[in-house]
Structure formats: structure tokens, C-alpha cells
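**Q** Got a predicted structure here, sequence first:
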Amino acid sequence: MDKKSYLLITGASSGIGREIAVQLSEHYPIIIHGRDKERLQQTLDNCNPNREHLIWEYDLKDIDSLEDTFTQFLSDNNCIVNSFVHSAGYVKLLPLKMASADWFRKSFDIQVIAAALLIKVLIKKKVNAGELKNIVFISSINSKFGVKALSAYSASKAAVDGLMRTLAVELAPAVRVNSVLPGGIRTAMTEYLYADKELIERMDETYPLGQGNVKDICGAVKFLLSEDARWITGQQLVVDGGRTINVTG
């Protein structure tokens, strides 16, 4: 039996990853990844029911078993992956004086190492039949600019973009690799930040186009996965309502 081709989206149980899965399920069969089965089912319930989608429940902090587990998942479901969107992330405000090695390790394991290992599996011809064509990392404008108390998150996102640029060269011409760098987006993971009214007021003042939402990020991802972006690789696509060019804020 021929293997069916899918778009893999990590971190699809909430926030940006969930919205990407829901929006792109109109165009692709999706492998919906996350570590909470109930929330993954909620994402699936909102996806296009006319396409066959799969759920992969796995905690990306467990990087030691990641390659074997993912390989087995692909085999068990007789599927291959032609596009990969890495949206899984971890963010927590913490000044460096309170930081620990485990805190840094968690950020890098989920956002950098897990992504690299998944791609390692997907470029194996025996596993994925050379079908991988597109990779999009969900990075952050924090990979380019400093933010207090986000050292682990910002450093790991900078590493994501470094990985993206290297793989864009290493995997060409077979695979295109790019990053989307969102500005401040209100999601379940960042909701606690928005309890600060001063932060909201500051964002209203410093984002020339106003605050964005998860759908703004989906449009950028959809573009980079499409044939309209066929000659684009190794790029950081900033989607931040103009925040990073607003030197007055």
C-alpha cells in the first residue's frame, strides 16, 4: 500500500501551532503533535474533517527516545512527511540570577535539539523516502533583540535561526528551510504576560499596526510552504506589525 503524505506540525495542541494546524488542514493532511492528548483532540476537532489527520502524542523534552519513537510512529501509520512546521516552544520569564541549567536545557531541548532530531529522521530515505520538501521554524523577534528575563527563550530562538540557516544550505536544493519570527502574540503560553496592563498599553503604543494574532502567523507559514515561495530559503520572515522597526518605542 502506498504511503500517505502529511504535514507535521509540532506544538499543535494550543496557540500558534493549533491555529496553523486548523488553518492548513484545509489544504493538507496534518500530523498534529503535542504532549496533551485531550488538547490535541480539541485541535483535531477543529480541523477539516474531510481530510485524514493523525495525532502524535509525545513530550519533546524526552530527546533520547525521540528518533526511535518518531520513526516507529511513521512506520505504524504507513506515512511520510513532505513538510514540517516546528511550532513547539517553551517560555518563562526568569531573570538570569534565578536561572538554572535545567531551565536552559528545557528551552534548547524543545526548541532546537528536538527539531534537529526530527529533521534527521525525515531526511533518511529509508524512513521518509526523500519526500521532505519544506521546513518552517516558528522563531521569535526575541532571537534578534534583547528582552529582560527571557535569556533562555531568546538564546534558544537564536539557535533555531542558526540551525535554519545551516540546514537551508545543507539540505538544498531538495528542501527549503525558513523561519517565521512573530512579534508579541497572545496565546495560552503567553497569557500570563498579558495580565500586566502596562504591557498591553506599551504594546499598543509600540506596534505600528497594532497587536497581532495567531492568524497573522498562519498566513506567513502558508506562504512559505507554497510554490509562491519556491525560490526562498534560509530567510527570517519577521511578522511583528512593525515593532522591530519602530525606534520611537
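**A** Okay, I see it. Residues are numbered from 1 along each chain as shown.

**Q** Listing partners with orientation, what would you give for the helix or strand harbouring residue 83?
**A** Assessed by DSSP states H and E, residue 83 sits inside strand 79-86. Note on strand 79-86: by DSSP bridges, its sheet partners are strand 4-10 (parallel), strand 134-138 (parallel).

**Q** Average pLDDT for that strand, rounded please.
**A** For strand 79-86, the mean pLDDT works out to 98.

**Q** Ok, stretch 158-169 next?
**A** Stretch 158-169 comes out at a mean pLDDT of 98.

**Q** What would that stretch look like as PDB? C-alpha coordinates only.
**A** What follows is stretch 158-169, C-alpha atoms only, in PDB (Å, rounded to 0.1, in the frame of the first residue of the first chain):
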ATOM      1  CA  ALA A 158      18.600  32.500  18.100                       C
ATOM      2  CA  ALA A 159      19.900  28.900  17.900                       C
ATOM      3  CA  VAL A 160      16.700  27.900  16.000                       C
ATOM      4  CA  ASP A 161      17.500  30.600  13.400                       C
ATOM      5  CA  GLY A 162      21.200  29.500  13.200                       C
ATOM      6  CA  LEU A 163      20.000  25.900  12.600                       C
ATOM      7  CA  MET A 164      17.600  27.100  10.000                       C
ATOM      8  CA  ARG A 165      20.400  28.900   8.000                       C
ATOM      9  CA  THR A 166      22.700  26.000   8.200                       C
ATOM     10  CA  LEU A 167      20.100  23.500   7.100                       C
ATOM     11  CA  ALA A 168      19.000  25.800   4.300                       C
ATOM     12  CA  VAL A 169      22.400  25.300   2.800                       C
END
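
**Q** mind listing what's buried in it?
**A** Within stretch 158-169, the residues that qualify as buried are 158-161, 163-165, 167-168, counting by 16 or more other C-beta atoms under 10 Å. All C-beta atoms are positioned from the backbone trio N, CA, C, and that covers glycine.

**Q** just checking, residue 159 touches residue 107?
**A** No - if you go by C-beta atoms under 8 Å, residue 159 and residue 107 don't touch, sitting 9.1 Å apart.

**Q** which of the strands paired with strand 79-86 sits most buried?
**A** Burial of the strands paired with strand 79-86 is given as mean neighbour count (mean count of other C-beta atoms under 10 Å); strand 134-138 ranks first at a mean of 26.

**Q** avg pLDDT for that strand?
**A** In this model, strand 134-138 has a mean pLDDT of 98.

**Q** Could you list every helix and strand that the helix or strand bottoming out on mean pLDDT in the chain packs against?
**A** In the chain, no helix or strand scores lower on mean pLDDT, DSSP states H and E than helix 197-206, which sits at a mean of 75. Helices and strands touching helix 197-206, by 3 or more C-beta pairs under 8 Å, 6 or more residues apart in numbering; DSSP states H and E: there are none.

**Q** For the helix or strand following it, which outside residues touch it?
**A** Next in sequence after helix 197-206, counting helices and strands by DSSP H and E, comes helix 214-225. Contacts with helix 214-225, where a contact means C-beta atoms under 8 Å, 6 or more residues apart in numbering, come from 7, 15-16, 18-20, 23-24, 27, 83, 85, 134, 136, 138, 176, 178, 180, 182, 185, 187, 229, 232, 237, 239, 241.

**Q** let's see it at 6 Å
**A** Contact with helix 214-225 is made by 16, 19-20, 23, 83, 85, 134, 136, 178, 180, 182, 229, 237, 239, as judged by C-beta atoms under 6 Å, 6 or more residues apart in numbering.

**Q** Pull out the buried residues from it.
**A** So helix 214-225, judged by 16+ other C-beta under 10 Å, has buried residues 214, 216-218, 220-222, 224-225.

**Q** report the angle between the axes of the strand holding residue 83 and helix 214-225?
**A** 130 degrees (axes from the mean of the first three to the mean of the last three C-alpha atoms, to 10 degrees).

**Q** which helix in this structure runs the most residues?
**A** In the chain, taking DSSP state H as the definition, the longest helix is helix 151-170.
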